[in-house]
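Peer 1: Mind folding the following:
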Amino acid sequence: MRNGFDLTMRDIQNERDYRHIPIDKVGIKNIRYPITVLDRRNHTQNTVANINMYVDLPHKNRGTHMSRFVELLHLFRPEISLKKFSEILEEMKKHLNAASAHVEITFPYFIEKNAPISFAPGLMDYTCRLIGSSDPEGKTDLVSEVIVPITSVCPCSKEISDAGAHNQRGEVRLAVRFRKFVWLEDMIELVEHSASCDVFSVLKRVDEKQVTERGYNNPKFVEDIVRDVAVSLKSDANITWFSVSAENFESIHNHSAYAHITSEPTPPR
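Peer 2: Below you'll find the model as predicted:
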């Protein structure tokens, strides 16, 4: 007995496995955990994340130590952000005797946003993801992703209709790789500026009139939205890779309209 632990207890996870098959990813998935992320206006923001954590497992090992993943979360809980990801990944590899590590953190992120005319304040929530991997050579890959609600007005409907045009709420997913730190707020604002109009949590009548007319005067197909985002990212020297998709939840169809662009070429089939 040492420190309250029975050293004679059998450690099955550490036993050898004789099937000679390595595992690419093993770990924990869908653990909810409080975290603190960086906030451009308020320095930090407290939120609750859904977290996946994986490491590789050599062919000779039967299992990994699942509890150690949660121990690492507790260690880094004061701040989990892109700036901490490299450190988190390296600690995972060290703590679990692994060659590679992978983390996905998904969380709601809140931004105070004023209505355009009345300036009535409200909180908008955006789904954000931080994704990080570290390979056996110690190379770290980091991806930041935002999911942004938007409004779009159909250019074709506006052109052919004597009055009005069909419009709908949509969703844009933007993921980027970068050379230097990128604020989530900057990614969200880029998407909102590329839509027919952005979405607000609070609108008075004067605001509703303004956003309705703004969208009508700025009609966009999903193709327009992803291309406008891509043009902005291509001119940004800090962005090394991006993936952007737009989905419109059509108001006059029983299906969605969808478009996607990635900056990496599609591999030949």
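Peer 1: what's around Ser196, how many residues?
Peer 2: 25 (other Cβ atoms under 10 Å). From N, CA and C alone the C-beta is placed, and that goes for glycine too.
Peer 1: Show me the beta-bridge partners of Gly170.
Peer 2: Ile150, Asn248 (DSSP bridges).
Peer 1: can you tell me which residues contact it?
Peer 2: Applying Cβ atoms under 8 Å, 6 or more residues apart in numbering, one finds that Gly170 lies in contact with 149-152, 195, 222, 225, 246-249.
Peer 1: Gly27: which of those residues is nearest?
Peer 2: Glu247 (29.9 Å; Cβ to Cβ).
Peer 1: For burial, what's the neighbour tally of that closest one?
Peer 2: 17.
Peer 1: thinking again about what came up before, which of the contacts of Gly170 ranks first by neighbour count?
Peer 2: Result: Ala246 is most packed of the contacts of Gly170 (other Cβ under 10 Å), 31 neighbours.
Peer 1: so how far is His43 from the residue nearest the centre of the chain?
Peer 2: Against the mean C-alpha coordinate of the chain, by Cα atoms, centre = their mean, the closest residue is Arg129 at 2.4 Å. Here the criterion is Cβ to Cβ, to the nearest Å. By it, Arg129 lies 21 Å from His43.
Peer 1: quick one on the thing from earlier: would you agree the residue nearest to the centre of the chain is in contact with Glu104?
Peer 2: Yes: contact criterion Cβ atoms under 8 Å: Arg129 and Glu104 qualify, at 6.5 Å.
Peer 1: Export the contacts of Gly170 to CSV and append columns for distance to His255 and pLDDT.
Peer 2: As requested, those are exported to CSV (distance: Cβ to Cβ, whole Å; pLDDT from 0 to 100):
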residue, distance to His255, pLDDT
Pro149, 19, 98
Ile150, 18, 97
Thr151, 18, 96
Ser152, 15, 96
Ala195, 20, 97
Val222, 12, 96
Ile225, 17, 97
Ala246, 14, 97
Glu247, 10, 97
Asn248, 10, 95
Phe249, 9, 94
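Peer 1: want to throw the residues you listed into TSV with distance to His65?
Peer 2: Formatted as TSV, these follow (distance: Cβ to Cβ, whole Å):
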residue	distance to His65
Pro149	40
Ile150	43
Thr151	48
Ser152	48
Ala195	46
Val222	45
Ile225	45
Ala246	42
Glu247	40
Asn248	45
Phe249	43
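Peer 1: Of those, which is the nearest to Ala175?
Peer 2: Ala246 (13.2 Å).
Peer 1: check which helix or strand covers the closest one.
Peer 2: Taking DSSP states H and E as the definition, Ala246 sits inside strand 239-249.
Peer 1: Within the sheet, what are the partner strands of the very next helix or strand once past that strand, with directions?
Peer 2: As assigned by DSSP H and E, the chain's next helix or strand after strand 239-249 is strand 256-262. Sheet pairing for strand 256-262, assigned by DSSP bridges, gives strand 239-249 (antiparallel).
Peer 1: residues making contact with the partner strand?
Peer 2: 150, 152, 168-179, 182, 222, 225-226, 229-230, 233, 256-264.
Peer 1: Mind giving me the ChimeraX command for buried ones among those residues?
Peer 2: The following ChimeraX line selects those of those that are buried, judged by 16 or more other Cβ atoms under 10 Å:
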select :150,152,168,170,171,172,173,174,175,176,177,178,182,222,225,226,229,230,233,257,259,261
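Peer 1: And the strands in this protein, which stretches?
Peer 2: Here the chain has its strands, by DSSP state E, at 23-39, 43-57, 101-114, 121-134, 140-153, 167-178, 197-198, 239-249, 256-262.
Peer 1: Redo these as a markdown table? Include distance to Arg68.
Peer 2: Output for the strands of the chain, formatted as a markdown table (distance: least, Cβ to Cβ, whole Å):
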| stretch | distance to Arg68 |
| --- | --- |
| strand 23-39 | 10 |
| strand 43-57 | 9 |
| strand 101-114 | 12 |
| strand 121-134 | 16 |
| strand 140-153 | 20 |
| strand 167-178 | 28 |
| strand 197-198 | 42 |
| strand 239-249 | 31 |
| strand 256-262 | 35 |
